[in-house]
Structure formats: C-alpha cells, structure tokens
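Asker: mind looking at a prediction? Sequence and model below.
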Amino acid sequence: MASHLPEEAAQPSLSEELRAATRQKHHALNGHIITRLPLCMPPHTNSPISYAKGMTVFSQIYLAFEELLAMHQAFSNERMRVIYDGIYIPQLLRTKRLGNDIALLKSRLPQKEVEELGVLDKQSKVFSWRIRDSLARRPHVMLAYTWTMYLALFNGGRWIRRQLASAGSHFWRGEVPPLSFWDFGVVDQDNLDEDQLKTALKAKFGEAASHLTDDERGDVVDETNRLFDLCSEMVDFLDQGASVNCPIKGSTSRFSPSKKSHHHQGAHRNLQDLHDLRIRVAQNNRKHTE
Ligand code: HEM
C-alpha cells in the first residue's frame, strides 16, 4: 500500500542492520583481542606458539564456511546459487593462506609444540562442526560469515597485521613472516587494492542480500550475533588453553581447563600469564566504561 512506502524505503541496508545489531558485541570482542594480542608477542614472549594457537582456533571459522562457499556452483536452488555466486570473491578466500601460515609456523617450532597444535586443532574442530551444521541447515546464513569475517580483516585486521609484522624476523624465526592470512596482496588478478576489494565486497554483499526473504534476512542477523559470540567463546577457549600450556594430549573434552591446570608442566608460568591477562582485561574494561 502507498502509505507503507516511506517506512519500507527507510529500511536500513543489511550491512547497516548487522553493524547496529553487533555494535556492543564487536566492542567487547575488540577489547578482548586488543588485550590479548600483546601476550602473543615480544616483549611478553619470544615464541610464536601462542600466535600459532590463536590461528589454529580462529582458522576453524574460515575453513568451515569457505569449504561450502567453494561449492557455490553446485546449488540446485537458483536463488541460493545467485547469492553464493555473488559473494564468492576468490581474492578473499583465506583457507590456503591459513594452511600455508600454519605450516610455516610449525616448521619453525619444536616437535612437542607441533604436537600440541595438533591436539588443539582436533579440539577446536567442534567450532567448525557447529558452523558446518548451521550452514547445512540454513545456507543463506553464509552472508553472516562473509560479512563478519572478511570485513573484520579490512578493519581491525589491518591494525593486528601491523602489530604482528612489527615483531620482526627474529621473533618469527625466519625472513618470511607467517602472516599471509592478513594480507590480500596489493596487486591481484583484477589489480584491486585492499580498499577497492573492501568496496567490492560491500557492493556484492548488498546485491546478494537483496535476494533474501525477510525471514532469511532475520536469520542472517541472528547468525551474525551468534558468530560474534562464537569468536568470544574462542577467546575464552584460548585463555583456558593458555592456562594449561595447551590442553592435555589426546583429550577431546571441551573447556574443562580447571581440572587440567594443576599438575601440568609450565602451569605456574601460565597461571602468571593468565593473571597478567586478567589485569589487562580489567584495565581495558575500565577504560571502556569510564
Ligand atoms: C574477531 C574479531 C573481530 C571481528 C569479527 C570484527 C568484525 C568487524 C566487522 C564485521 C566490522 C564491520 C565493518 C563495516 O561495517 O564496514 C568491523 C569494523 C571495525 N572493526 Fe572490527 N572485528 C574484530 C576485531 C577488531 C579489533 C581487534 C579492532 C581494533 C583494533 C577492530 C576495529 C574495527 C574498526 C575500527 C572498525 C570500523 C568501524 C566502523 O566502520 O564503524 N575490530 N569489525
């Protein structure tokens, strides 16, 4: 009806809606990451093992959704194929880069730590199963993943990349830093620089979103909220792992760190880390509420 037109025209874009819906969660997560990043780097540590653990866990998100994104042409549902085709941007894909970075990191770590990473990888598969399950049930929520996980790289990710790169080749134990994940390559096949890539992503996202029904759009908003929660859960998971110098070998249990911490070698040092970290988190929280 004509009288409804002004209201309909005023509907925010999905991107704006997602930004508004996740503002608080983003703010909290942002704080969590800012306080923890220094713990992975000099002068706090001389080893890239904590960074490797973080990447092992967070990579689960990209591995899970990009696996399905790669199947974009296989959809028999025409509308879904249009949506997936629209947001499939090869230059954005992170899976290969993550694999390369983690392999490079492992090649520079002692065997014992490589094994710890293997255990952590198995344990954190629970996150990727959750994502795969969600996408299998509601493929349209793919938009939540592409919006959140790629735009994160173009914003906070740039800042994180600068911090990590500043650690230098001594810390990374080689001339080539294992940081290709954070990089889109200034020159790519279409000669797009990062800002152009970000603009292209936003435009393609907007176009793909225009094919969603109202219910599906609501699902994307919900899934984006859940994804921010999942990221926070990953931070918690890493905090717990950090307190026990990585979870017990062979264990497949989730988040049961308190039992593991006491008798584990290196627990004292790691409890100190955790203590430092809590202080930083508390300081950071204070900063945000003042
Ligand atoms: C896993 C962690 C994070 C996720 C998933 C995430 C996700 C996002 C997303 C989806 C956006 C929206 C982009 C847009 O609407 O254009 C964004 C914006 C932004 N993020 Fe993050 N982010 C994370 C961590 C961080 C961190 C650690 C920082 C700080 C260093 C940060 C700083 C920013 C800034 C400055 C913006 C731009 C805000 C704006 O344009 O309104 N983010 N992030």
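Answerer: Arrived safely.
Asker: let me know how buried the residue of the stretch 101-250 of the chain found nearest the ligand is, in neighbour terms.
Answerer: Residue nearest to the ligand within the stretch 101-250 of the chain: Gly156 (2.4 Å; C-beta to the nearest ligand atom). Yep, even glycine has a C-beta here, placed from its N, CA and C like the rest. As a burial measure, Gly156 scores 16 neighbours (other C-beta atoms under 10 Å).
Asker: from Asn30, how far out is it?
Answerer: Applying C-beta to C-beta, to the nearest Å, the value for Gly156 to Asn30 is 6 Å.
Asker: does the ligand have contacts with the biggest helix by length in the chain?
Answerer: Using DSSP state H, we find that the single longest helix of the chain is helix 214-243. Yes. Judged by C-beta under 6 Å from any ligand atom, helix 214-243 comes into contact with the ligand through Cys231.
Asker: what helices or strands is that helix leaning on?
Answerer: helix 14-36, helix 49-69, helix 125-137, helix 142-154, helix 257-261, helix 267-289 (3 or more C-beta pairs under 8 Å, 6 or more residues apart in numbering; DSSP states H and E).
Asker: quick check: Ser232 touching Leu29?
Answerer: Yes. In this structure, Ser232 is within contact of Leu29 by C-beta atoms under 8 Å, at 5.6 Å.
Asker: neighbour count for the two, which is higher?
Answerer: Leu29 (19 against 15).
Asker: hmm, back to that, need the helices and strands packed on helix 214-243 in JSON lines with distance to the ligand, can you?
Answerer: What follows is these, written out as JSON lines (distance: least, C-beta to the nearest ligand atom, whole Å):
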{"stretch": "helix 14-36", "distance to the ligand": "4"}
{"stretch": "helix 49-69", "distance to the ligand": "7"}
{"stretch": "helix 125-137", "distance to the ligand": "13"}
{"stretch": "helix 142-154", "distance to the ligand": "3"}
{"stretch": "helix 257-261", "distance to the ligand": "21"}
{"stretch": "helix 267-289", "distance to the ligand": "11"}
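Asker: which stretch in these has the least confidence?
Answerer: When the helices and strands packed on helix 214-243 are ranked by mean pLDDT, helix 257-261 comes last with a mean of 32.
Asker: give me the distance between Phe75 and Lys122.
Answerer: Relative to Lys122, Phe75 is positioned 31 Å away (C-beta to C-beta).
Asker: could you do Ala70 as well?
Answerer: On the measure of C-beta to C-beta, Ala70 and Lys122 end up 23 Å apart.
Asker: one more: Ser50?
Answerer: Distance from Ser50 to Lys122, by C-beta to C-beta: 18 Å.
Asker: these two: which has the busier surroundings?
Answerer: Ranked by neighbour count (other C-beta under 10 Å), Ser50 and Lys122 place Ser50 first, with 20 against 14.
Asker: thank you, goodbye.
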